[in-house]
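Colleague: Pasting the sequence and the predicted model now:
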Amino acid sequence: MPDAEDFRALARSSPWRFTSLRFTFRQGRSATAVRAWLRRPDLLRVEDVTGALLGVVHGRSSVGGVLGAGPWDEPPPEPPPVLRPDGLVAVRPSWGSFGQADDPMWQDYRWVAVLDPVELADGRERDTGGPADPPLVVDAVGEVEHGGRPAWEAVVATTSTYDPRCGCCPLLHDAGVDRDEWDDAAGRFAGVTYPTATRVRLDVGTAVCVLTEVLDGTYAGEGHEVLIEAVDEPMADALF
């Protein structure tokens, strides 16, 4: 059975687990799903469930902004990660002074974090920016199925070192992240009871975060779901 360290290693591993992905994504219970085609490193197509085109994205993203003209056109060569014997990632490489080049973004960085949920694996000291203890307390990890595919599920709680891709759209609700992100946090989040337990699922084959579900507090019931339809299928240039 996988344990907390295995769960963290899987959460680090997405960039090296697949090259193309077809999936549906839904944020929130009442939201309408979208269907997407992702061809790494830099192509994304998004449609609504009727097949109407919502957008095509060319270019990778980074926490410093969407990659575009200038020195970001050609990101530096990506060094290999340190792998464990089981092939999962023990240590991610340092991606240089401009930050890691991520998958193309749709609407906000939560999308990027869903596809590559490294924020669930490695923490960072908020004061110094240095590496820190794990960002989550991870309860017993279980093997489940999600959309007909093997997944690992855990109930987690954030710690003071949880460091999301972007503070305005983290995968998990956290009081410290909100205080750091919003100047008016004291008023904006007055009366909010932050969760102490959130269900999280990672797809074993791709390391994509296919489910979050808040289990308690003000945000109980919130989360997202991804259903993976195909992995590493050929995707023609004409799609993009």
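Modeller: Sure, I can see it.

Colleague: What strand or helix carries the most centrally placed residue in the chain?
Modeller: When CA atoms, centre = their mean is applied to the chain, the residue found nearest the centroid is A113 (2.1 Å). Element membership of A113 [criterion: DSSP states H and E] is helix 109-115.

Colleague: ok, the residue nearest to the centre of the chain to P135 distance?
Modeller: Distance from A113 to P135, counting by CB to CB, to the nearest Å: 12 Å. Backbone N, C-alpha and C define where each C-beta goes, glycine included.

Colleague: show me where the protein has helices.
Modeller: Secondary structure of the chain (DSSP state H): helices located at 4-11, 109-115, 175-181, 185-188.

Colleague: just those: most buried one?
Modeller: Across the helices of the chain, averaging neighbours per residue (mean count of other CB atoms under 10 Å) puts helix 109-115 on top, at a mean of 24.

Colleague: That helix - what's its average pLDDT?
Modeller: For helix 109-115, mean pLDDT is 97.

Colleague: residues making contact with that helix?
Modeller: Outside helix 109-115, the residues that touch it by CB atoms under 8 Å, 6 or more residues apart in numbering are 14, 21, 25, 27, 38, 61, 63, 102-103, 105, 119, 164-166, 168-171, 208-209, 224, 226.

Colleague: Just the buried residues of the residues you listed.
Modeller: Listed as buried from those are 14, 21, 25, 27, 38, 61, 102-103, 105, 119, 164-166, 169-171, 208-209, 224, 226; burial here means 16 or more other CB atoms under 10 Å.

Colleague: intersection of neighbour lists for A113 and P135?
Modeller: The contact sets of A113 and P135 overlap at E119 (CB under 8 Å, 6+ apart).

Colleague: tell me the contacts of P79?
Modeller: P79 makes contact with 93-94, according to CB under 8 Å, 6+ apart.
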